[in-house]
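**Q** Sequence and predicted structure, then a few things I'm wondering about:
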Amino acid sequence: MIVLATQLAAAVALLLWSVRLIRTGVERAFLPELKRGLKALSDRRLTAAAGGGLAAMVMQSSTAVALIGAGFAVSGMLAPAAALALLLGADLGSALMAQVLLLPVQAVAPFAMLVGVVTFSKAGKRRTKQIGRILIGFSLVLLSLGMIRAATVPIGADPIVQSIAIYFQNDLASAYVVGAVLAWAMHSSLAAVLTFATFASTGLIGVPVAAALVIGANLGGAIVPFALLWSQERPARLVVLGNLVARGGVTLAALALLITGVLSLDLLAALPGHPAVTLHIALNAVLLMLALPVTGPLIRLATAVLPRHSGSSPETVTALDDAALDHAPLALACAQRELLRMAETVQANLLPVVRLFRSWDAELARVIELREEDVDRMHFEIKIYLSRLREGDLSPQQDKKTLELVAMANSLEDAADRIAVSLVALAQKMSEEAVTFSQEGLSDIEQFHDQVVTNGQLALSVLTTGDAEAARQLVAEKDRIRFEEQTLQERHLKRLQNGTTASIETTNIHQETLRLLKQINAALAFVAYPIAEETGDLLGSRLAKPRVIGGAV
């Protein structure tokens, strides 16, 4: 029994990893295009929901779409109500993807794996390589579902397991809670629903229990982004709280209908596909129909519940442990952790700053200033801590690591200054002079800002994992952003040539904002340099090698 339980746990773990593998591939290959597409579709609630659904199907995660939508709301690119519509559509798209993954296509798995591995190993371009990663993830999803089926058949014959299944058959409310907890623990309602449907298809649990688990998983799926974003800016919290209220109400109503027998499981069984997945799709479709017309009232309800400002002071906790200075590897790890906190604070300032260009908010500017002071404190403390560490005996590699950490801290502090001092000052100047960007100019700045924010998230990933591929991508993004800034500067000059009044009034601020965002991106990308140098992916200089003609240079 222990062996079978281990096999089942391993199969579920493989499913979670496979879904994450697909999401990682999509994010690394297509995230900028996805975000631009979602922004373009979000002008109307119906198209926002459709865009969210398509994005969730591609990314295999409604939570990932929730993070994107919340980021749009924080930056001011989308109203919270529009971001909520995006999230409601994403939940339905994720549910539809569960049906696709349960189709009888197991024979495709070996071919998808073979093509994926060859593509990932041999591809010269980053995007083609990520397509290979996506194919590998898809094949592993099919493989993991087969492993779950193989493990649950003998487990279902165990008397203890049968007694547990019978208990849940008589206590659907407990099954609902378990489903919510498991979906939250997995951080994926898609993976949870696929697991429950597979359990039911092998007879491990009955259809009513599977239905209760699926209904609970829908609540757990709303808790995941709520927990991830609760510490973020107020607009992000409004979006996830509105989604949680809507999803909580619908799932509780569905549970009541299931317990009272009003919800006909015979009807679900008569429909094509697995009853649990059919219920999952129907539940999300009903939620979309009920909640989409009232996204505004849901956000207003969340606004009434949430306090206007948290009023909390910046954190003063530090990861720099003086007791670790006698052990260099541990001290370096402490400094790395503090550097990550520093980068997170810079990212927290970068995300909302563009809102100040739409409308000046003195309170938001004050919050950004307080965070910048916190970055300055961490910058100072990291340098002092590492200087004390260098007083001891360090290996050449450890000595080099201290210099790298100081250089990264300097770069992050520079990015923080450009956000909290320069960008905020430009936004305040616009407010004082009562001028605004042209609609095209503001759109350019917001999209450029969003690309820099995305690279900031990638920088956090590089700091956390030290992944060489992510570091290489971040360095490549630095060059792409440089060319993108040139393109946007040219577009601004064309608007000046056309005599656009708003562009003429704000030309200096517009060009300076683009330049600052490019410099912030370069400062964030610097965290990838030590890894890129170590893997040989970083050139020593952009200068061409001197040509020798007739013995002369």
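**A** Everything's here; your move.
**Q** make it CA atoms for all contacts and neighbour counts henceforth
**A** Noted.
**Q** where does this structure have low pLDDT?
**A** Judged by pLDDT under 70, the chain has its weakly predicted residues at 1, 4, 155-158, 266-273, 308-316, 539-553.
**Q** Does residue 537 belong to a helix, a strand or coil?
**A** Of the three states, residue 537 takes coil according to DSSP: H, G, I helix; E, B strand; the rest coil.
**Q** residue ranges for the helices of the stretch 351-500 of the chain, please.
**A** 355-358, 362-389, 396-417, 424-433, 439-465, 468-497 (DSSP state H, counting those that start in this stretch).
**Q** for the third one, packing partners?
**A** Okay, so that is helix 396-417. helix 328-353, helix 362-389, helix 507-525 (3 or more CA pairs under 8 Å, 6 or more residues apart in numbering; DSSP states H and E).
**Q** and residue 485, how many neighbours does it have?
**A** 19 (other CA atoms under 10 Å).
**Q** ok so, going back, among the helices of the stretch 351-500 of the chain, which is nearest residue 210?
**A** helix 439-465 (36.2 Å; CA to CA).
**Q** Tell me, how many residues neighbour the residue lying closest to residue 402 once chain neighbours are set aside?
**A** Closest residue to residue 402 apart from its sequence neighbours, by CA to CA, 6 or more residues apart in numbering: residue 386 at 6.2 Å. As a burial measure, residue 386 scores 22 neighbours (other CA under 10 Å).
**Q** What are the neighbouring residues in contact with residue 386?
**A** Counting by CA atoms under 8 Å, 6 or more residues apart in numbering, residue 386 touches 335, 402, 406.
**Q** If you rank these by neighbours, which is first?
**A** residue 335 (26 neighbours).
**Q** Of the helices of the stretch 351-500 of the chain, which is nearest residue 127?
**A** helix 468-497 (10.3 Å).
**Q** From the chain's centre, how far out is the closest one? Work that out for me.
**A** Distance of helix 468-497 from its chain centroid, counting by CA atoms, centre = their mean, to the nearest Å, is 22 Å.
**Q** hang on, the earlier thing: what about the helices of the stretch 351-500 of the chain, which gets the closest to residue 318?
**A** Nearest to residue 318, of the helices of the stretch 351-500 of the chain and by CA to CA, is helix 362-389 at 8.1 Å.
**Q** Buried by neighbour count: which residues of the closest one qualify?
**A** 364-365, 367-376, 378-379, 381-383, 385-386, 389 (16 or more other CA atoms under 10 Å).
**Q** Other residues contacting stretch 286-300?
**A** Against stretch 286-300 from outside (CA under 8 Å, 6+ apart): 45-46, 80-82, 84-85, 88-89, 92, 238-239, 242, 245-247, 250.
**Q** From residue 455, how far out is residue 36?
**A** 15 Å (CA to CA, to the nearest Å).
**Q** Can you identify the element that follows the longest helix along the chain toward the C-terminus?
**A** As assigned by DSSP state H, the longest helix anywhere in the chain is helix 2-41. Next along the chain after helix 2-41, taking DSSP states H and E as the criterion, comes helix 45-59.
**Q** who does that next one touch, helix- and strand-wise?
**A** Looks like helix 45-59 contacts helix 2-41, helix 62-75, helix 80-101 (3+ CA pairs under 8 Å, 6+ apart).
**Q** can you give me the angle the second one makes with helix 328-353?
**A** What separates the directions of helix 62-75 and helix 328-353 is an angle of 60 degrees, with axes from the mean of the first three to the mean of the last three CA atoms, to 10 degrees.
**Q** now the helices for the stretch 201-350 of the chain?
**A** Under DSSP H, counting those that start in this stretch, the stretch 201-350 of the chain gives helices at 207-229, 234-260, 265-270, 275-291, 295-305, 328-353.
**Q** Return the alpha-carbon coordinates of the first one using PDB.
**A** Think helix 207-229. The C-alpha trace of helix 207-229 is given here as PDB (Å, rounded to 0.1, in the frame of the first residue of the first chain):
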ATOM      1  CA  VAL A 207     -19.400  10.700  -9.000                       C
ATOM      2  CA  PRO A 208     -21.100  12.700  -6.200                       C
ATOM      3  CA  VAL A 209     -17.800  12.900  -4.200                       C
ATOM      4  CA  ALA A 210     -15.900  13.900  -7.400                       C
ATOM      5  CA  ALA A 211     -18.500  16.600  -8.000                       C
ATOM      6  CA  ALA A 212     -18.100  18.000  -4.400                       C
ATOM      7  CA  LEU A 213     -14.300  17.900  -4.800                       C
ATOM      8  CA  VAL A 214     -14.500  19.700  -8.100                       C
ATOM      9  CA  ILE A 215     -16.800  22.400  -6.700                       C
ATOM     10  CA  GLY A 216     -14.300  22.800  -3.800                       C
ATOM     11  CA  ALA A 217     -11.400  23.000  -6.200                       C
ATOM     12  CA  ASN A 218     -13.100  26.000  -7.900                       C
ATOM     13  CA  LEU A 219     -13.100  27.800  -4.500                       C
ATOM     14  CA  GLY A 220      -9.500  26.800  -3.900                       C
ATOM     15  CA  GLY A 221      -8.500  28.100  -7.400                       C
ATOM     16  CA  ALA A 222      -9.800  31.500  -6.300                       C
ATOM     17  CA  ILE A 223      -7.900  31.400  -3.000                       C
ATOM     18  CA  VAL A 224      -4.500  30.800  -4.800                       C
ATOM     19  CA  PRO A 225      -4.300  34.300  -6.500                       C
ATOM     20  CA  PHE A 226      -6.000  35.900  -3.500                       C
ATOM     21  CA  ALA A 227      -3.100  34.600  -1.300                       C
ATOM     22  CA  LEU A 228      -0.400  35.400  -3.800                       C
ATOM     23  CA  LEU A 229      -1.600  39.000  -4.300                       C
END
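**Q** by contact count, what packs against it?
**A** helix 62-75, helix 159-170, helix 172-186, helix 189-201, helix 234-260, helix 275-291.
**Q** for residue 215, what are its contacts?
**A** 176, 179-180, 251, 254-255, 280, 283.
**Q** and if you look at residue 205?
**A** 165, 199.
**Q** Relative to residue 414, how far out is it?
**A** From residue 205 to residue 414 the distance is 57 Å (CA to CA).
**Q** Which of the three states applies to residue 104?
**A** Going by three-state DSSP: residue 104 is coil.
**Q** how much space between the nearest residue to residue 188 once chain neighbours are set aside and residue 66?
**A** Counting by CA to CA, 6+ apart, the nearest residue to residue 188 once its immediate chain neighbours are dropped is residue 221, at 6.4 Å. Distance, residue 221 to residue 66, by CA to CA: 11 Å.
**Q** ok so, going back, so which of the helices and strands packed on helix 45-59 gets nearest residue 132?
**A** Closest among the helices and strands packed on helix 45-59, once you apply CA to CA, is helix 2-41, at 8.2 Å.
**Q** And the closest one, what does it pack against?
**A** helix 45-59, helix 126-155, helix 189-201, helix 439-465.
**Q** Switch those over to JSON lines; also include distance to residue 521 and mean neighbour count.
**A** As requested, the helices and strands packed on helix 2-41 are exported to JSON lines (distance: least, CA to CA, whole Å; neighbours: other CA atoms under 10 Å):
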{"stretch": "helix 45-59", "distance to residue 521": "25", "mean neighbour count": "25"}
{"stretch": "helix 126-155", "distance to residue 521": "20", "mean neighbour count": "22"}
{"stretch": "helix 189-201", "distance to residue 521": "34", "mean neighbour count": "25"}
{"stretch": "helix 439-465", "distance to residue 521": "6", "mean neighbour count": "19"}
